[in-house]
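# What follows is a protein structure lacking sequence information:
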């Protein structure tokens, strides 16, 4: 049982840990499966591969319906190039709520930012106009999210008022509950701190996804 639970925590499409909060990785679609398949039994490996193929096919169908150009995002090889973990849930929801409050007339223009979820979702290095759902998650476009975040920044001037240069440059963040307490003691007086921190994380993921040609998977 313990081995099975460990594999689930390491899986690309499952949450790594029930209590980890925000957890997103930019990596090849099959990266975690390739790492863990040797520890699986034959039927478990077959079921996981089949499930991942179904998810991939559903995403492909959604992209085709939206006229997206062909991309090799799901066949690329390599390693994880970015992993952002923050032991706090609902970060993207806090960003979205901030936008609803501060610029209610603008949220309809930011469809991809507003559609992105931090559970079982995908951010792809592919340009397409409308986000869509696959199962309980969402599929959004890294190029479109970057355009939307740039517009959001013009409206709210987040970069000017909320500089987190270190976070923007880091490819790997593992902010534990202890780190969260330190952040809040240091930055808690900044209005909308966690929403703005979410903006920084989302931009980092979208930038890395676009530059690497790899998907960002929100586990």
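Structure received. Owing to the predicted nature of the structure, the values given are computational and were not obtained by experimental measurement.
# Can you name the residues bridging to residue 86?
As for beta bridges, residue 86 partners with residue 22, residue 175 under DSSP bridges.
# residue furthest from the geometric center of this structure?
Computed with Cα atoms, centre = their mean, the maximum C-alpha offset from the centroid of the chain is found at residue 42, amounting to 30.2 Å.
# Please report how far the residue lying closest to residue 88 once chain neighbours are set aside lies from residue 185.
Nearest non-adjacent residue to residue 88, counting by Cβ to Cβ, 6 or more residues apart in numbering: residue 21, 4.5 Å away. C-beta coordinates here come from the backbone N, C-alpha and C atoms, glycine included. Distance, residue 21 to residue 185, by Cβ to Cβ, to the nearest Å: 18 Å.
# Low-confidence regions, this structure specifically.
1-20, 163-169, 187-190 (pLDDT under 70).
# which residues sit against the one helix or strand residue 186 maps to?
Take DSSP states H and E as the rule and residue 186 turns out to sit in helix 177-187. Outside of helix 177-187, the residues that reach it under the criterion Cβ atoms under 8 Å, 6 or more residues apart in numbering are 86-88, 175, 193, 197.
# Report the buried residues of it.
By neighbour count, with 16 or more other Cβ atoms under 10 Å as the criterion, the buried positions of helix 177-187 are residue 183.
# Quick one: distance of it to the chain centre.
Its chain's C-alpha centre and that of helix 177-187 lie 22 Å apart, by Cα atoms, centre = their mean, to the nearest Å.
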